[in-house]
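1. Sequence first, then the predicted structure, then my questions.
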Amino acid sequence: LVLRLAAEVLLQCRDHVPARAGKLYNIILSNAWERLPKAESAGLKRDTLLYERHVASFLCTALLDAKHAPLASRLREERSKYIEERKRAAQRDRTSAP
């Protein structure tokens, strides 16, 4: 699944200049996710898979190798935001628990 996701992301990137691809982050990743076979991605949330450490690292490496550094940087930034949000949510859950 991760390899297919990486291939689809790179395929989507081919349609864009690397400098613009970072700005089109959500469109590129949404299009790539939609192109995955439903049998493989069923039950998975895009962000949960995408921002898992090993998956994000693999995708960043693939993007950097393909000369899409702006998109790789954006992926790292979005992953950091996602992790911080998950930490805040966990903290809220702990403080609101009886």
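-> Thanks, I have the structure now.
2. so W33 touches D47, yeah?
-> No: W33 lies out of contact with D47 (CB atoms under 8 Å); the separation is 9.6 Å. (C-beta placed from N, C-alpha, C; glycine too.)
3. Looking at those two, which is more packed in?
-> W33 (19 against 15; other CB atoms under 10 Å).
4. Please state the backbone phi and psi of that one?
-> When quoted as degrees, to the nearest 10, the phi and psi of W33 stand at phi -60, psi -40.
5. Skipping its backbone neighbours, what lies nearest it in space?
-> Leaving aside its sequence neighbours, W33 sits nearest to R46 (CB to CB, 6 or more residues apart in numbering; 4.8 Å).
6. who are the neighbours in contact with the one you found?
-> 29-30, 33 (CB atoms under 8 Å, 6 or more residues apart in numbering).
7. closest to R79 among the residues you listed?
-> L29 (11.7 Å; CB to CB).
8. mind checking how far the closest one is from L10?
-> Distance of L29 to L10, given as CB to CB, to the nearest Å: 12 Å.
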